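> need a 3D model of the sequence below.
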Amino acid sequence: MAKESFDKEIQFLRMLVLTSGAYSRQQFADRLGISVHTFDKTIKRLKEVVSSVQRGLPEEQSKEFAETIRYHYLDSSDPMLLFLFRAKSLKESESQRLSLLLAALHEKPLTAMELLDACCSALPASLALPDEKTIRADLKYLEQVGVIKKTEGPRPYRYRIHNDLARELSADELNDLYDFVDIMANTQLPSLQGYLLRDGLKKHRSRLRGGEPSIEPFIYKYHYYSRILDEAHLFALLGAIRARQTVGFLYFSPKKETSYASKNTNPLFERDTEGKQETVLPLKIVYDHQYGRWYLLGHHHRHGIKKYRLEGLTQIDEGESVSEERFAENRALLELRLKHSWLIDTGRAVKVRIRFFNPGPGIPNFVKERVLLQGQWGTVEDEEGGDSFLYEIDVNGTTEIKPWIRSFGSSCEVLAPPGLRQEMIEEWKEIKAYYESV
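Predicted coordinates for the structure are as follows:
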């Protein structure tokens, strides 16, 4: 995964996709909490990324970056976060070093000192030469992400490329693996690492064929750009949960007018941000498939259980570890609060009763099948006559279950609680008004 954070670029791309380039430079900068100068530098950097990574650009290289994004948004199946991970995850000096290290290891296993010599002799004169500590840090990073591994034997350790799986597969097995990864990356969660694995397999398959292009058996259209952008934070937070570590971050609520603030390194230009600095113990990550959103649920030392949308998290830093007992205690408290939650609501539980109407005679009862599949712990009871059935569930609040109910349209009627029934009546009246004759 990426060695660097790129919060600004993620929020930048999110706004470009959602607004389709409708903001002016000043409006865009104000919404992101940056200066117009920083906005221009970010545009320039992303243009360089697009030109180096996306080879299918139209000939008019002078068109605005927003137009370029629109072009790829409509015509490419690759999600936006993927090209950031390809081109922005490393600094230029790190990218040069790691490329030289991997090229040297492709020939034979080498020690850290041998790799230092190979790197120093091949680096351009314009770049500073690395020391042994830097090379060892690079090797540790490459080992952590599974690119290289240590060979067996005494010290000093030798490192080699870790591509055993791809080398041992036949051409047919490699094609089957590629197709499987392609399907899973486009249909399962999380998907970013699947895209990266797919690209690696695609390049390896191309090398074996001598560069001959292959026909893709499946074509996908990616729709959930916010979801894939938020996956940049996902693995860091899952790692913190596994290690029982607290995390600190600057959080921007969806209700705030800004979604990002640059780190102030110069005290002369320091200014207050609209974000809120938070420190929590991450306990669980939840994905809302209905809206394509990721949520972090954690324990705050003052406020107890708190919930955050991942799209509002920036500048994530690791904190201290907590004891296994404390983590288990907080996790048990969270599970108790979520016991009757449709998704992440921790409010007061209410009983929801709904009458669902079966399709006409001779039609498969797809309504009941869907309720049984998606209705979680709710109970279903057939009514006399066979035209309908009752569904009951105790759920924390009604906000999260309401979109699910609404999706059934005229196939259901809310019976209780009265407040939810009235809300549904008002919503359907509003929808009906949209379709009245002009």
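
> sec struct for P359, please.
Classification of P359 using DSSP: H, G, I helix; E, B strand; the rest coil returns coil.

> so how many other residues sit close to it?
A count of neighbours around P359, defined by other C-beta atoms under 10 Å, yields 13. All C-beta spots, glycine's among them, are computed from the backbone N, C-alpha and C.

> and it, what is it in contact with?
Shown in contact with P359 (C-beta atoms under 8 Å, 6 or more residues apart in numbering): N365, F366, V367.

> just the ones in helices from those residues, please.
When DSSP state H defines the helices, the subset of the contacts of P359 inside them is F366, V367.

> let's have the contacts of P359 in CSV, adding distance to R331, neighbour count and pLDDT.
Listed next are the contacts of P359 as CSV, based on distance: C-beta to C-beta, whole Å; neighbours: other C-beta atoms under 10 Å; pLDDT from 0 to 100:
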residue, distance to R331, neighbour count, pLDDT
N365, 39, 14, 91
F366, 38, 11, 93
V367, 37, 18, 94
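
> from the contacts of P359, which single one is nearest R353?
V367 (16.2 Å; C-beta to C-beta).

> quick one: that closest one from L390, how far?
13 Å (C-beta to C-beta, to the nearest Å).

> residues shared between the contacts of the two?
With C-beta under 8 Å, 6+ apart as the test, V367 and L390 both reach F356.

> got any ranges where the stretch 1-150 of the chain has weak pLDDT?
For the stretch 1-150 of the chain, residues meeting the criterion pLDDT under 70 lie at 1-5, 20-21, 49-78, 86-92.

> returning to what we had before: let me have the contacts of P359 in CSV, adding distance to V145 as columns.
Formatted as CSV, the contacts of P359 follow (distance: C-beta to C-beta, whole Å):
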residue, distance to V145
N365, 49
F366, 45
V367, 47
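
> wait, which of the contacts of P359 is closest to L201?
Closest to L201, out of all of these and judged by C-beta to C-beta, is F366, at 37.8 Å.

> check contacts around that closest one.
P359.

> so where's the longest strand in this protein?
Secondary structure assigned by DSSP state E gives strand 276-288 as the longest strand of the chain.

> list of residues touching that strand?
189, 227, 234, 237-238, 240-241, 244-253, 293-301, 306, 308, 319, 322, 327, 330-331, 334, 343-344.

> now do stretch 212-220
With C-beta under 8 Å, 6+ apart, stretch 212-220 has contacts from S77, D179, D182, I183, N186, R205, S206.

> so which of those belong to helices?
Judged by DSSP H, these include D179, D182, I183, N186, R205, S206 as members of helices.

> just the buried members of the residues you listed?
Buried subset of the ones in helices among the contacts of stretch 212-220 (neighbour count, 16 or more other C-beta atoms under 10 Å): D182, N186, R205.

> contacting residues for the closest residue to the last one other than its chain neighbours?
In this structure, R205 finds its nearest non-sequential neighbour in L174, 5.7 Å apart by C-beta to C-beta, 6 or more residues apart in numbering. Remark: with contacts taken as C-beta under 8 Å, 6+ apart, L174 is in contact with A166, L201, H204, R205, L208.

> residue contacts, the fourth one?
With contacts defined as C-beta under 8 Å, 6+ apart, R205 is in contact with L174, N175, Y178, S214.

> the last one - how many residues pack around it?
The burial count assigned to S214 is 11, neighbours taken as other C-beta under 10 Å.

> what's the answer for the third one, then?
When neighbours are counted by other C-beta under 10 Å, Y178 registers 21.

> relative to L338, which of the buried ones among the ones in helices among the contacts of stretch 212-220 is nearest.
Closest to L338, out of all of those and judged by C-beta to C-beta, is N186, at 29.5 Å.

> relative to A185, how far out is the spatially closest residue to the closest one that is not a sequence neighbour?
Closest residue to N186 apart from its sequence neighbours, by C-beta to C-beta, 6+ apart: Y220 at 4.2 Å. Per C-beta to C-beta, Y220 is found 9 Å from A185.

> more neighbours, those two?
More crowded of Y220 and A185, by other C-beta under 10 Å: A185, with 22 against 13.

> show me the contacts for the closest residue to the more buried one other than its chain neighbours.
Spatially, and ignoring its direct neighbours in sequence, A185 is nearest to G194 (2.9 Å; C-beta to C-beta, 6+ apart). Listed by C-beta under 8 Å, 6+ apart, the contact set of G194 reads V181, M184, A185, N186, Q188.
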